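1. With the sequence up front, the predicted model follows.
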2 protein chains.
Amino acid sequence: MNIKEASEKTGVSSAAIRYYEKESLIPAIDRTPVGNRDIDDRIIRRIRFVTQMRAAGMSIENLRRYIELFDAQEDNTKEQKALLQEQLAVMEEKRDDLQAAIDHLNYKLKHFYDHMEATEEELRQLEKEHANRTAQKDETPEGF
Amino acid sequence: MNIKEASEKTGVSSAAIRYYEKESLIPAIDRTPVGNRDIDDRIIRRIRFVTQMRAAGMSIENLRRYIELFDAQEDNTKEQKALLQEQLAVMEEKRDDLQAAIDHLNYKLKHFYDHMEATEEELRQLEKEHANRTAQKDETPEGF
DNA sequence: GCTTGCCTTGAAGTGTACATGAAGGTTTAA
DNA sequence: TTAAACCTTCATGTACACTTCAAGGCAAGC
């Protein structure tokens, strides 16, 4: 398959595929007699792996480090494991930060919702907010 | 508090705080008589809000859109809700992508682990992998 | 034989989110 | 009073991850 088809199949632009090859995130791609890239399913899978890890926030640099180890023939199992675990820790922290932010936004949404539904409770609400304002220390007032 | 203290308190560089102010991600900061920024807890909270949303992947641009709506005096509740929900969807998708990548890496780690522990099972392992190789269609072989 | 549409390479350009540097003002401590 | 340790603005620089451009090759169809 040519690069355009591979691009359509993976959702990664032709230019990005060339870039990934140049940066060794994917193996050197076979060429047709005239020099065009001839992309097979092995490459497609590796493009998808790159896409997934990129989406998860792994940098090009770290990806290359990992893939270099993986492609080397020596037994790098320990280094690979260490690298994976390192990356895993980064990603889990990211996920947790993300979850915290999601929780924050959900809380705010609920708050908005209350506000919109509770017209008849407005005074009570205002009173509560005033009580909060006078009592609060570090509890994210004014919605932030 | 001056900008350096605020920077230490939030972990955001002085330059970044100035940048956030210029980009209206945080309100205009009060100045001392000589023109230095005088940062109070309200600003600190808003810097932290920015930090959290940035860590969650919200762009400067989207953050500004949201904050503009929030700071405007008209009733933007609906737009705010919509914007929050939009962002929430983006973040949940990110979280899920991240989780998928974490699962992928965990799987690989387990695989490495098996490989290291299971020297006596090597042949069985190889046989299994061969069976996989002949049967697989799109299941990420060769570790990717 | 010329247009269309794919491909190639290498170099240069783009957008985001800051970081850094220059040039200078003010306060504090020795 | 002079040095340090802050601060200011404005301009330029940097890193990352591509994207776009320029110049050209090859193959098919009209």
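-> That came through fine. Numbering: from 1, shown residues only, chains lettered A, B, ... in the order given.

2. need the longest helix for chain A.
-> helix A:77-117 (DSSP state H).

3. For chain B, tell me whether that helix is touching it.
-> Yes - counting by Cβ under 8 Å from any Cβ of the partner chain, chain B is contacted by helix A:77-117 at A:77, A:80-81, A:84-85, A:87-88, A:91-92, A:94-95, A:97-102, A:104-106, A:108-109, A:112-113, A:115-116. Where you see a C-beta, it was placed from the backbone N, CA and C, and this is true even at glycine.

4. got it, and stretch A:3-18?
-> No - if you take Cβ under 8 Å from any Cβ as the test, stretch A:3-18 misses chain B, and the best it gets is 11.3 Å.

5. re the thing from before, touching DNA strand C at all, the longest helix of chain A?
-> No - contact of helix A:77-117 with DNA strand C (Cβ under 7 Å from any atom of the strand) is absent, the minimum separation being 14.3 Å.

6. Now do the helices in chain A.
-> So, for chain A - with DSSP H - the helices run A:3-10, A:14-22, A:41-55, A:60-71, A:77-117, A:122-135.

7. Adding mean neighbour count as columns, could you present these in a markdown table?
-> A markdown table is the format used below for the helices of chain A (neighbours: other Cβ atoms under 10 Å in any protein chain shown):
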| stretch | mean neighbour count |
| --- | --- |
| helix A:3-10 | 16 |
| helix A:14-22 | 16 |
| helix A:41-55 | 19 |
| helix A:60-71 | 16 |
| helix A:77-117 | 15 |
| helix A:122-135 | 10 |
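
8. Of all residues in chain A, which one is nearest the centre?
-> A:Ala56 (2.8 Å; Cα atoms, centre = their mean).

9. check contacts around the residue nearest to that one when sequence neighbours are not counted.
-> Nearest non-adjacent residue to A:Ala56, counting by Cβ to Cβ, 6 or more residues apart in numbering or on different chains: B:Ala101, 3.5 Å away. Applying Cβ atoms under 8 Å, 6 or more residues apart in numbering or on different chains, we find B:Ala101 in contact with A:Gln52, A:Met53, A:Ala55, A:Ala56, A:Met58, A:Met91.
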